[in-house]
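>>> Everything below, folded, please.
(one chain, ligands or ions: 1)
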Amino acid sequence: MKLGTYTFDRPALYLAPMDDVTDAPFRDICHRMGADVTVSEFIASDALIREIEVIRRKLISGPDEHPFGIQIFGNNAESLCAAARLAEECQPDFIDINWGCPAKKIAGKNAGSGMLQYPDQLVEITRQVVKSVSLPVTVKTRIGYNDASKIIVELAKRLQEAGIRAIAIHGRTKSQMYKGEADWSLINAVKNDPEIEIPVIGNGDITSAETAMQRLADCPLDGIMVGRGAIGNPWIFARCRALLEGKPLPPEPDLAERARICEAHLRSAAALKGERTGMLEMRKHYKPYFKGLLNIKEQKIKMLTSDDIQEVLDILQEMQQTTPEK
Ligand SMILES: Cc1cc2nc3c(=O)[nH]c(=O)nc-3n(C[C@H](O)[C@H](O)[C@H](O)COP(=O)(O)O)c2cc1C
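Have a look, this model is predicted:
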């Protein structure tokens, strides 16, 4: 698997871009746990061009975070090309175009997966973005717009011809949103097509290292992308990596380990965004970090409601001293 100047001698582990989740602090944690490739949260090309302040934060990446891609979305070549050039100035390793988001406010305007209804336009815009930057351009998309138009195999060939350097495919249609199960047979059909030479990365419903390994046993994909399965569970990358490298599976994290990583995450969010914003934005992570652990209901409620970062840090540090029954 080759991505720009980076080469992997085994399938690459991608952290899926997730808006409001995969910010720089969370990506850093996943990267340290073993994620090979990270991508920014999606960035609206128009907002990037207008230099909207909150967007700047999304462009920041860690010094060791490589390969790192900046993901942009939009519905026309002019703004996507301009945004790609601006993103390039931040020196990521690649630019990723989002042709997969199904959210109404995006797909409804024919950006994201909305453009899957117009494959000619999608390919042409992508071709222009490829031409407008010197960095590699990749695409993240879905298998089609709806059940009647699962066009991914043909689309992948056309995108390859347009010059993209890798394709990540979420095995659902736009109409499916996040319902049902991801259909990996079409992801595999792209990889197995003799005309496809670019790396193919599979995405959808990877919730454990074992599922990832099963997907790779089914088809020699170039990469596996993990999204929701990494929320509250960045250890999934350490476990995937161990299995890929033929090493023993690390143990599932206990309470102390979860609290240790959660504390590091909170500190890094506060350093990047300021204490208050960092603390408020961390709230969505507490439940996932401590999911399934009993006897910590009170601490969870305090963490979710406290306005005092020191109080939250104290709770997390206390958890690291004691390991109550699971
Ligand atoms: C909260 C959330 C935010 C997301 N934001 C993005 C995004 O910014 N860009 C993108 O390409 N996909 C986004 N996705 C889709 C994921 O990258 C991924 O394709 C999808 O969740 C399926 O993978 P999973 O089953 O491993 O979660 C998002 C998904 C979730 C749940």
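>>> Which residues outside stretch 100-112 are in contact with it?
Identification of contacts with stretch 100-112 by C-beta atoms under 8 Å, 6 or more residues apart in numbering yields 42, 44, 73-75, 98-99, 113-114, 117-118, 140-142, 170, 174-178. Every residue, glycine included, has its C-beta placed from N, CA and C.
>>> Is that stretch positioned near the ligand?
Yes. On the criterion C-beta under 6 Å from any ligand atom, stretch 100-112 is in touch with the ligand at 100-101.
>>> mind listing what's buried in that stretch?
Judged by neighbour count using 16 or more other C-beta atoms under 10 Å, the buried positions of stretch 100-112 are 100-102, 106-107, 110-112.
>>> follow-up on the earlier one: of the contacts of stretch 100-112, just the buried ones, PyMOL syntax please.
To isolate the buried members of these in PyMOL, using 16+ other C-beta under 10 Å:
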select buried, resi 42+44+73+74+75+98+99+113+114+117+140+141+142+170+174+175+176
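>>> Identify the residue nearest Ser132 in space, chain neighbours excluded?
Leaving out its chain neighbours, the residue that sits closest to Ser132 by C-beta to C-beta, 6 or more residues apart in numbering is Cys81, at 3.9 Å.
>>> Point out the other elements, helices or strands, that the host helix or strand of the one you found touches.
In this structure, Cys81 is located in helix 77-89 according to DSSP states H and E. Applying 3 or more C-beta pairs under 8 Å, 6 or more residues apart in numbering; DSSP states H and E, we find helix 77-89 packed against helix 45-49, strand 68-73, strand 94-99, helix 119-132.
>>> just to revisit the earlier point, what residues does the residue nearest to Ser132 make contact with?
Contacts here follow C-beta under 8 Å, 6+ apart; on that basis Cys81 touches 128-129, 132.
>>> tally of neighbours for the residue of the stretch 201-326 of the chain at minimum distance from the ligand?
Nearest to the ligand, among the residues of the stretch 201-326 of the chain, is Gly227, at 2.7 Å (C-beta to the nearest ligand atom). Neighbour count for Gly227, taken as other C-beta atoms under 10 Å: 20.
>>> need the contact list for it.
Each residue near Gly227 by C-beta under 8 Å, 6+ apart is listed here: 15-16, 18, 203, 206.
>>> The chain: helices as residue ranges?
Here the chain has its helices, by DSSP state H, at 24-33, 45-49, 53-59, 77-89, 104-107, 119-132, 152-162, 184-192, 209-218, 235-244, 255-273, 275-289, 297-305, 309-321.
>>> least reliable of the ones you listed going by mean pLDDT?
The minimum mean pLDDT among these belongs to helix 53-59 (a mean of 86).
>>> Flag every buried residue along that helix.
55, 58-59.
>>> That helix close to the ligand?
No. Using C-beta under 6 Å from any ligand atom, helix 53-59 stays clear of the ligand, with a minimum separation of 9.5 Å.
>>> Kindly format the C-alpha coordinates of that helix as CSV.
What follows is helix 53-59, C-alpha atoms only, in CSV (Å, rounded to 0.1, in the frame of the first residue of the first chain):
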residue,chain,number,x,y,z
GLU,A,53,-12.1,30.9,12.4
VAL,A,54,-13.4,27.6,13.8
ILE,A,55,-12.2,25.9,10.6
ARG,A,56,-8.6,26.8,11.3
ARG,A,57,-8.5,24.5,14.3
LYS,A,58,-9.6,21.6,12.1
LEU,A,59,-6.5,22.0,9.9
